[in-house]
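Enquirer: what would the 3D arrangement of this be:
(chains A and B)
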Amino acid sequence: MSRFSLKRLSVSSLVARTAGILGIVFLLIPTVIVVPISLGPDRYLRFPPRGFTLEWYNKLLGDQAWLQPMLFSAKIAVMVALIAMVLGTMVALAVTRGRLPAKKAVTMVMLAPIIAPGIVVGVAMYLMFSQMGMSGSITAFVLAHTVLAVPYVIITVSAALATSDADLELAAMSLGASRFNAFRYVTLPLIMPGLIAGGVFAFIVSFDEPVVSFFLSSVHDKTLPRKIFEDLEFNVSPVVAAVSTILTFGSIGLLGLVAVLRRGLSRGGSAA
Amino acid sequence: MSNMGATVRVSQLVKSYGEHVTAVDNANFEVRSGEFLSILGPSGSGKTSILMCLAGFEVPTAGRIHIGDRDVTDLPPNKREIGVIFQKYALFPHMTVRENIRFPLKMRGMTRAQSDVVVEEALATVRLTELANRMPAQLSGGQQQRVAIARAISFRPPLLLMDESLSALDKKLREEMQIEIKELQRKLGLTIIFVTHDQEEALSMSDRIAVMSRGRIEQIEAPDVIYAAPATRFVAGFVGESSQISGRIAGTTEQGGVSVSLDGGGSIDCRTAPHDRLEIGAPATVYLRPDHVTLGAAGGPDTMAAKILSKSFGGSAVSAIGELSNGTRIAIRLDPEEAKSVALDDVVHLSVQPGQSMAFAAEEGGR
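Expert: Just a heads-up that it's a prediction; the model follows:
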């Protein structure tokens, strides 16, 4: 009896494990496969590659048609990250520390852009900004992406606030700190790991954002994801694979940086 | 180096949350310079709300708060010059002990060089010089408590507020800290307002105690007065150990008290609180302290027969519970020798010192 159940258990855990590994492989393959494609010599997307070349990377980095959208996206993403960090922290503070009526409702509204279908947000933004004559402007991109990115900062900063004692701010004020100084010297250092993580997420959200960008881009000012779409439509070259590879490793690098920072900061924060 | 503690005056303080919850209902009291006042009450009695209003973390619904001759009611916490010691100390976890203590000085615009002397002095006062470079997480509870005290006194506030500040420590350490705090207070001449639900702590440390219940201050007096002459039924039941026995007022005594004939038989001469109106024949509750109960001879006047239900050894005395014939339970304290002659289920005769217990009008609708 017990042997049977033991055996069943091991069989089922084997099945679960295999399914899990297959799932991960399935999720990873499309991303991973791009890397060898970007290094292949053929003028179209081909797997497996027949040979090795860095031609597409050279082409990418020497072509204004690619560099310009990259720079444009980066500029937007940096601004979005900074604005989202400020706004997101303010919302997180209000929701976790403030005496706000209808806290739940406010949180729901602020987090809604994550849940709402991207296409809906995209169309809405397009209609609004084109009416205002701002379509394609960097302001429009920054505003639209900030709406999408703020929730990530709210989530990470709220989590950081939840683990730090609210009495600390009261203590700081009783010791003579103004509200602002209590935030600057006590709250901010304690939520910094969460804030930085939120900022990186915000940056990535903006940099990778395809749908809203698709609607807002103009002929001259376009973001990188939009440029990738265009390129796929007109000439499918391995340059796209090269861009994708760079984006993937860039994201991994940023997230790795966040992990390292968090560990370092939390170690410095709790005990030396 | 000693500075004068501030006087504190709280007048007609009301704090309500929403329309239905009144946490503090018209509190009036004064604290003298250098006095140690405890605000004692069960949780939800409003003691913490008073503290929050004093510290400036809550805005009173009505009333004024004066510290010294300053009306601080509308001042933010950082302009009040009050040291606050929190229940969980609220040390800044990302700063060393020294940085924690320096914080209030930094906020006052002192340079590092100026503040160094003050910080070292505060560290020495609480005997933490050796641990100055540690992070709070590396300290024991008692050490954290000391850092909190050093931080709260380093900027020389004339008033210190303490919120259940000793409750996280174990008994022995707590008693040590009580003594240290009292010494420090005497040395610095500080006024201290101490919020606690622990009556032993309040009784042993305070110059006066304000006992609170349901948002009201029931009595504000010296500890011995609170203990010996509680002003209300609540105070009598909350402070110190007492057994409650119901009866009826039988008459008045020569000392100006009342004689209560107990429902289970017998009678006790009691004192009454000044404002309590007790008419002859009215139901009353006697609050009987173990201190006033002794083993007596059978059948003597004012004795009650009680069956011993339990005994527990407590060092210098043995606590026992006796049950009267009508089921009322009475706490008794016996000396260890006496206790040996009493076995469980024995029926003993208890005699009550006349004129020591308090009698209050029985709670309406209750016993």
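Enquirer: from now on I want contacts and neighbour counts done on CA atoms only, so please keep to that.
Expert: Fine.
Enquirer: which residues does stretch A:200-211 contact?
Expert: Residues outside stretch A:200-211 that contact it (CA atoms under 8 Å, 6 or more residues apart in numbering or on different chains): A:73-74, A:76-78, A:80-81, A:84, A:118-119, A:122, A:145-146, A:148-150, A:152-153, A:223-226, A:251, A:254-255, A:258.
Enquirer: may I see the ChimeraX selection of the buried members of those?
Expert: For the buried members of those, the matching ChimeraX selection, counting by 16 or more other CA atoms under 10 Å in any protein chain shown, is:
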select /A:73,74,76,77,78,80,81,84,118,122,145,146,148,149,150,152,153,223,224,225,226,251,254,255,258
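Enquirer: show me the strands in the stretch 151-300 of chain B, by range?
Expert: Per DSSP state E, counting those that start in this stretch, the stretch 151-300 of chain B carries strands over the ranges B:159-163, B:191-196, B:208-213, B:216-221, B:243-252, B:258-262, B:267-272, B:283-288, B:293-295.
Enquirer: ok, then the element right after the last one?
Expert: Pointing back at strand B:293-295 there. On the C-terminal side of strand B:293-295, the closest following helix or strand by DSSP states H and E is strand B:303-313.
Enquirer: now the helix or strand following that next one against strand B:303-313, angle please.
Expert: Using DSSP H and E, the helix or strand that directly follows strand B:303-313 along the chain is strand B:318-323. In terms of direction (axes from the mean of the first three to the mean of the last three CA atoms, to 10 degrees), strand B:318-323 departs from strand B:303-313 by 140 degrees.
Enquirer: strand B:318-323 pairs with which strands?
Expert: strand B:303-313 (antiparallel), strand B:329-334 (antiparallel) (DSSP bridges).
Enquirer: specify the angle between the first one and strand B:258-262 in degrees.
Expert: With the same axes, to 10 degrees as the basis, strand B:303-313 and strand B:258-262 are set at 80 degrees to each other.
Enquirer: who's in contact with residue A:84?
Expert: The neighbourhood of residue A:84, defined by CA under 8 Å, 6+ apart, consists of A:146, A:149-150, A:153, A:199, A:202.
Enquirer: what do you get for residue B:29?
Expert: Residue B:29 makes contact with B:9-11 under the criterion CA under 8 Å, 6+ apart.
Enquirer: for whatever residue of the stretch 1-150 of chain B ends up closest to chain A, what are its contacts?
Expert: Nearest residue of the stretch 1-150 of chain B to chain A, counting by CA to the nearest CA: residue B:78, 4.0 Å away. Contacts for residue B:78 (CA under 8 Å, 6+ apart) come out as A:173-178.
Enquirer: if you rank these by neighbours, which is first?
Expert: The most crowded member of the contacts of residue B:78 is residue A:175, carrying 31 neighbours; neighbours defined as other CA atoms under 10 Å in any protein chain shown.
Enquirer: isn't that residue up against residue B:150?
Expert: No: counting by CA atoms under 8 Å, residue B:150 is not a contact partner of residue A:175; they are 11.6 Å apart.
Enquirer: what about the closest residue to residue B:335 other than its chain neighbours, distance to residue B:239?
Expert: Leaving out its chain neighbours, the residue that sits closest to residue B:335 by CA to CA, 6 or more residues apart in numbering or on different chains is residue B:317, at 4.9 Å. Distance, residue B:317 to residue B:239, using CA to CA, to the nearest Å: 20 Å.
Enquirer: check residue B:268 too.
Expert: For residue B:268 relative to residue B:239 (CA to CA), the value is 21 Å.
Enquirer: give me the more crowded residue out of these two.
Expert: Between residue B:268 and residue B:239, counted using other CA under 10 Å, residue B:268 has the larger neighbour count: 28 against 21.
Enquirer: show me how the chain divides into domains.
Expert: Using chain A. A:1-38, A:55-271 (automatic domain parsing).
Enquirer: chain B was what I was after
Expert: Taking the TED database as the criterion, chain B consists of the domains B:8-233, B:242-361.
Enquirer: point out the most buried one among these.
Expert: domain B:8-233 (a mean of 20; mean count of other CA atoms under 10 Å in any protein chain shown).
Enquirer: closest point of the stretch 151-300 of chain B to chain A, which residue?
Expert: Nearest residue of the stretch 151-300 of chain B to chain A (CA to the nearest CA) works out as residue B:152 at 7.1 Å.
Enquirer: which residues does that residue contact?
Expert: Taking CA under 8 Å, 6+ apart, we find residue B:152 in contact with A:175, B:82-85, B:101, B:160.
Enquirer: go on, residue B:165?
Expert: Residues near residue B:165 by CA under 8 Å, 6+ apart: B:85-89, B:145.
Enquirer: how distant is the helix ranked longest in chain B from the center of its chain?
Expert: Looking across chain B with DSSP state H, the single longest helix is helix B:171-188. Distance of helix B:171-188 from the chain centroid (CA atoms, centre = their mean, to the nearest Å) equals 16 Å.
Enquirer: what packs against that helix?
Expert: When contacts are defined as 3 or more CA pairs under 8 Å, 6 or more residues apart in numbering or on different chains; DSSP states H and E, helix B:171-188 sits against helix B:199-205.
Enquirer: can you tell me the SS state at residue B:65?
Expert: Secondary structure state of residue B:65, per DSSP: H, G, I helix; E, B strand; the rest coil, is strand.
Enquirer: now residue 50, nearest residue through space, not along the chain?
Expert: Looking at chain A here, since you left the chain open. Distances taken as CA to CA, 6+ apart place residue A:40 nearest to residue A:50, at 6.0 Å, with adjacent residues excluded.
Enquirer: sorry, should have said chain B
Expert: The shortest distance from residue B:50 to any non-neighbouring residue, by CA to CA, 6+ apart, is to residue B:24 (7.0 Å).
Enquirer: what does residue A:254 give?
Expert: residue A:200 is the one closest to residue A:254 (CA to CA, 6+ apart), at 6.9 Å.
Enquirer: number of residues surrounding the one you found?
Expert: By other CA under 10 Å, 25 other residues sit near residue A:200.
Enquirer: quickly find the element holding the closest residue to residue B:216 other than its chain neighbours.
Expert: Leaving aside its sequence neighbours, residue B:216 sits nearest to residue B:25 (CA to CA, 6+ apart; 5.5 Å). Per DSSP H and E: residue B:25 is located in strand B:21-31.
Enquirer: name every strand pairing with the next helix-or-strand element following that strand and say which way it goes.
Expert: Stepping forward along the backbone from strand B:21-31, the first helix or strand reached (DSSP H and E) is strand B:36-40. If you go by DSSP bridges, strand B:36-40 pairs up with strand B:191-196 (parallel), strand B:208-213 (parallel).
Enquirer: what does chain B have sitting close to chain A?
Expert: B:55, B:57, B:77-84, B:86, B:90-95, B:103-104, B:107-108, B:135-138, B:152 (CA under 8 Å from any CA of the partner chain).
Enquirer: rewinding a little: kindly reformat the contacts of residue B:78 as TSV containing secondary structure.
Expert: Shown next, in TSV, are these (three-state DSSP):
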residue	secondary structure
A:173	helix
A:174	helix
A:175	coil
A:176	coil
A:177	coil
A:178	coil
